[in-house]
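Visitor: The sequence and its predicted three-dimensional model are supplied below.
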Amino acid sequence: MEPWLSFYCPHFESMKAADDFVRECEDLQPSTPKHIAKIMMHQTQRLVSIVDDLPKFRPHNEPLQLLFLLMCTENIAKLHDGFLGEGKSRYYVNRFFEKFLSNSDKDALSYGFTANVDPLSSIGFNKAVDLLYDIRCDVVHEGNYTDFAFHDGQMAMLNINPDVTAEIQFVGVRDIVVRGCINAIKDTLLRP
């Protein structure tokens, strides 16, 4: 249970709460309908751990990290929905952000990017999610994983493609996604 606990603990109010969550998922047997929650818990940790490891061999390439982060959101949303088909990536990424984020996390994304044509105006939640997905598509379809930068912890980052300023750090987006995954898993555990 250690790899799961060390990963999830920072996102719970206590070690006991994280332990209860991980233990409830780990105790699910393949024969039970809720077993998918265990798979979701494992997939979240696996995919986000890749995100965390990427800077070790590809530093300063946040769009590449974002690709794996959005792969995680798509995977979790499809597992939650029981979707077994192909495609519908944008639909499920949007569904993840809309359904599983708290209002405060939605606000953080809403105000995380400002349009360079109107620097006093955030782009809003739906456009922020579309922006993240479009960056993912640029990596997947164009192989471009170097042209976008998130806030670096010191200052906001001006980007030209897309034409926005990132007011949010990548780690903030990462943590929003992990919390959304936890919400999706908890929702699965609550199913009758």
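Guide: Right, received. Where do you want to start?

Visitor: which helix is the longest one in the protein?
Guide: Secondary structure of the chain read by DSSP state H shows that its longest helix is helix 35-57.

Visitor: Distance from the helix or strand that that one is followed by to the middle of the chain?
Guide: For helix 35-57, the following helix or strand on the C-terminal side (DSSP states H and E) is helix 62-81. Relative to the centre of its chain, helix 62-81 is centred 6 Å away, using CA atoms, centre = their mean, to the nearest Å.

Visitor: how about the longest helix of the chain: buried residues?
Guide: 36-41, 43-45, 47-48, 50-51, 54 (16 or more other CB atoms under 10 Å). No exception for glycine: its C-beta is placed from N, CA and C like everyone else's.

Visitor: One more: stretch 93-108?
Guide: Buried residues in stretch 93-108 (16+ other CB under 10 Å): 93-97, 100-101, 105-106, 108.

Visitor: contacting residues around it?
Guide: Stretch 93-108 has contacts (CB atoms under 8 Å, 6 or more residues apart in numbering) with 70, 73-74, 76-77, 81, 109, 125, 129-130, 132-133, 136, 168, 172, 176, 179-181, 183-184, 187.

Visitor: pLDDT averaged over it, what's the number?
Guide: Averaged across stretch 93-108, pLDDT comes to 98.

Visitor: so of the contacts of stretch 93-108, which ones are in helices?
Guide: Using DSSP H, the contacts of stretch 93-108 in helices are 70, 73-74, 76-77, 81, 109, 125, 129-130, 132-133, 136, 172, 176, 179-181, 183-184, 187.

Visitor: Show me just the buried residues among these.
Guide: The neighbour count (16+ other CB under 10 Å) marks 70, 73-74, 76-77, 109, 125, 129-130, 132-133, 136, 172, 176, 179-181, 183-184 as buried among those.

Visitor: wait, what's in contact with the closest residue in space to residue 92 that isn't next to it in sequence?
Guide: Nearest non-adjacent residue to residue 92, counting by CB to CB, 6 or more residues apart in numbering: residue 77, 4.0 Å away. Going by CB under 8 Å, 6+ apart, residue 77 touches 83, 92-93, 95-96, 99-100, 184.

Visitor: same thing but 7 Å
Guide: When contacts are counted by CB atoms under 7 Å, 6 or more residues apart in numbering, residue 77 is found next to 92, 95-96.

Visitor: just residue 78 next, same as before
Guide: By CB under 7 Å, 6+ apart, the contact set of residue 78 is residue 92.
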